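Peer 1: no sequence on hand, only this structure:
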């Protein structure tokens, strides 16, 4: 056993930290916050290009596809560092990319992996439909084979950052008569294609997600990922990558709450001397440690050449429930001040706590609700019967 | 990072599993809980022959020279089989005190017979306030010529009734503000005049005693470590032993799951296995999370101890988490198994009791969360 990073991993992480310290400016943070921490703003794109130029976006990809042939461990550690400083979600690099790497033809790998690795293109997830949330096998969006292209008609919903991304990582139905799981295909669709309409849906966290309408959209055949009608399995693989959840962002929030307890005097002593506060803060820090261990376990499994199974669902579940606990404990600790929004007089911690309290609601919902994660753990991990 | 045991550790664990499956089935566990002595000397000797007594003892003292992590592999199997007896008191608590604080002469005197299975140890630490805090240590050791005179009462001393030597925490000096200074450790022969041992009757059937010391004379040579500096040793042993206890919990948690999950697959209600109901599935999924997190928290802390890295924070995190996780896991197992699990004849009850005992010993979750808060400089 060994619970520290290898020396070569530590050396890269040191460089990454220094880079993030000098490159992440308040302007960049403000821009990211304004668009829901999504990739896509002008400063954000510039930052991502520079970051990716070091091959840090996908260190564990082979060199010929823009990686450095490094460990998944290093990749996970960099994701965690990045999330601690500024949470950027990379759909192309961290969800679709590994799926393409695993299932894609050489041709599609050549077309997509290098630009993804360089941070030049970003995808948006295109799974959910009004009638297909937890049950993605119930998709309806039609992709009809028209010999030289597919013709797409249908509707997606909750497709976050379609308004800032370049391409749609899209799950479609290519054989409506086939049985479940054998009827779906994955495509990479240019979001600027005629016939696509994106309408904003505003979340209670203040940022935007979208519904996306496909109205006779012509999609070239070369946009198909892997084999026709095998898309459900690719989607499940990409979902698993999405579920590997770097909690760095909430870890930083936690650190700020701890500092707040040290700096805030109540009844003539710092809040941090209050035994109840100490218990709560210690408990969160313990759970952060447990999460760290099950997060890097995923990298360990991948580096051993295996595919994580129930372990991914466990980590996603644990991390997102912890995210909510951190936000809620922040509300408790700040008390009446916690409700004050950014910009209000007397707002504490720049109003971050109430924002995260609202925001964290969605963490246990997307990429499979907590209930779906528990189902997966029970069925895949413990082999409990499905009926 | 590497989450796996080495090849030799895996072999050790597998051997322990086979040995204990044969020697320590649950009817033996029940028998030992009722037995006055509380362990089988025959099995003890066999364990000594497997080098388990000296697993962490350097070879120069007839030990196996293994690491703390090696020992956790063994302890998790003992937890799996709910093995009670003086092993933890002798090898973990007593052994660690000796390894940490004894001089060469004392080690050469005490450890080889321990490794041969001929001598049992324990630690007399907690007193009437029932905590592991330094302020609770009031038993006096007064210097009279070349000897110390020990007076006081220790409680919750594990397997004192069979121990040959007790490591005793006494107060020799003035109390300082933090109570850390002025505590001294002695190794005391339990056959010394003035010692009386009274059994306590415990929920889990493990043996604990109240030990009274009335003018017990102990030679200066039996002072362990430095005069007045015993707390440093105790604190370190507390944290290491807490991690060792979590290693036991790993096995116990695994066994509870090994009972509940197959039960859920086999037991039918409403025309289908109860494990096909999501309410039951989610209980099982939560058990899996408790089990995995407990495991890695304990392995990480044990690895740090083995590597001589700072481990204080990780150790307390592990005991705080483990104490809650193991109890909750067993509670979920009870919920899955239903009425059958409430039966004396069903083994889950053994683990229910073990979980609470393991939670309370060596500092419960609240106690260790407070230590974590201190480590966080709060």
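Peer 2: Nice, thanks for sending it over. These figures come from a predicted structure and were not determined experimentally. Numbering: from 1, shown residues only, chains lettered A, B, ... in the order given.
Peer 1: quick one, domains of chain A?
Peer 2: With domains defined by automatic domain parsing, chain A comprises A:7-88, A:125-235, A:244-381.
Peer 1: ok, then the element right after the longest helix along chain B?
Peer 2: Ranked by number of residues, the top helix in chain B under DSSP state H is helix B:230-266. The first helix or strand that comes after helix B:230-266 along the chain, using DSSP states H and E, is strand B:268-269.
Peer 1: now the element after that next one, going C-ward?
Peer 2: Sequence order places strand B:272-273 as the next helix or strand after strand B:268-269, per DSSP H and E.
Peer 1: what is that next one packed up against?
Peer 2: helix B:230-266 (3 or more C-beta pairs under 8 Å, 6 or more residues apart in numbering or on different chains; DSSP states H and E). Bear in mind the C-beta positions are built from the backbone N, C-alpha and C, glycine included.
Peer 1: counting by contacts, list what the helix it packs on packs against.
Peer 2: Going by 3+ C-beta pairs under 8 Å, 6+ apart, helix B:230-266 lies up against helix B:68-80, helix B:95-101, strand B:165-171, strand B:183-189, strand B:272-273, helix B:278-306, helix B:312-337, helix B:348-360.
Peer 1: so what does the first one touch, helix or strand wise?
Peer 2: Helix B:68-80 is packed against helix B:7-23, helix B:230-266, helix B:278-306, with contacts defined by 3+ C-beta pairs under 8 Å, 6+ apart.
Peer 1: let me see the mean pLDDT of the longest one.
Peer 2: Averaging the model's pLDDT scores along helix B:230-266 yields 98.
Peer 1: now that helix: how far from the chain's centre is it?
Peer 2: Put simply, helix B:230-266 sits 9 Å off its chain's centre (C-alpha atoms, centre = their mean, to the nearest Å).
Peer 1: how about that helix: buried residues?
Peer 2: For helix B:230-266, the neighbour count (16 or more other C-beta atoms under 10 Å in any protein chain shown) marks B:230-231, B:233-257, B:259-261, B:263-265 as buried.
Peer 1: get me the contact residues on the stretch 1-150 of chain B for chain A.
Peer 2: B:1, B:2, B:3, B:4, B:5, B:6, B:69 (C-beta under 8 Å from any C-beta of the partner chain).
Peer 1: and if we set it to 6 Å?
Peer 2: Within reach of chain A by C-beta under 6 Å from any C-beta of the partner chain, the stretch 1-150 of chain B has these residues: B:1, B:2, B:3.
Peer 1: I'd like the domains of chain A as JSON lines, with mean neighbour count appended.
Peer 2: Output for these, formatted as JSON lines (neighbours: other C-beta atoms under 10 Å in any protein chain shown):
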{"stretch": "domain A:7-88", "mean neighbour count": "18"}
{"stretch": "domain A:125-235", "mean neighbour count": "18"}
{"stretch": "domain A:244-381", "mean neighbour count": "19"}
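Peer 1: least confident of those domains, on average?
Peer 2: domain A:7-88 (a mean of 92).
Peer 1: tell me the gap between it and the middle of its chain.
Peer 2: That offset, for domain A:7-88, works out to 14 Å (C-alpha atoms, centre = their mean).
Peer 1: again, but for stretch A:220-237
Peer 2: Centre-to-centre, stretch A:220-237 and its host chain are 20 Å apart (C-alpha atoms, centre = their mean).
Peer 1: and what of stretch B:201-210?
Peer 2: 14 Å.
Peer 1: lowest-confidence entry in the residues of the stretch 1-150 of chain B next to chain A?
Peer 2: Ranking those by pLDDT, residue B:1 lands last with 92.
Peer 1: for burial, what's the neighbour tally of it?
Peer 2: Neighbourhood size, residue B:1 [other C-beta atoms under 10 Å in any protein chain shown]: 21.
Peer 1: so what's it up against?
Peer 2: In this structure, residue B:1 makes contact with A:2, A:3, A:73, A:296, A:300, judged by C-beta atoms under 6 Å, 6 or more residues apart in numbering or on different chains.
Peer 1: nearest to residue B:84 among the residues you listed?
Peer 2: residue A:3 (30.6 Å; C-beta to C-beta).
Peer 1: please tell me how far that closest one sits from residue A:222.
Peer 2: 45 Å (C-beta to C-beta, to the nearest Å).
Peer 1: do residue A:24 as well
Peer 2: 37 Å.
Peer 1: and the residue of the stretch 101-250 of chain A closest to chain B?
Peer 2: residue A:134 (12.0 Å; C-beta to the nearest C-beta).
Peer 1: thinking that residue is in contact with residue A:372, fair?
Peer 2: Yes. Counting by C-beta atoms under 6 Å, residue A:134 does reach residue A:372; the two are 5.4 Å apart.
Peer 1: give me the domain ranges for chain B.
Peer 2: If you go by automatic domain parsing, chain B breaks into B:7-119, B:122-229, B:232-375.
Peer 1: just name the most buried of these.
Peer 2: Per residue and on average, the most neighbours among these fall to domain B:232-375, with a mean of 22 (mean count of other C-beta atoms under 10 Å in any protein chain shown).
Peer 1: show me where chain A has its strands.
Peer 2: A:123-126, A:142-145, A:149-156, A:167-173, A:184-190, A:196-202, A:208-220, A:224-225, A:265-266, A:269-270 (DSSP state E).
Peer 1: how about these, which one is nearest residue A:351?
Peer 2: strand A:196-202 (18.2 Å).
Peer 1: that closest one: partners in the sheet, and parallel or antiparallel?
Peer 2: Using DSSP bridges, strand A:196-202 pairs in its sheet with strand A:208-220 (antiparallel).
Peer 1: fine by me, thanks again.
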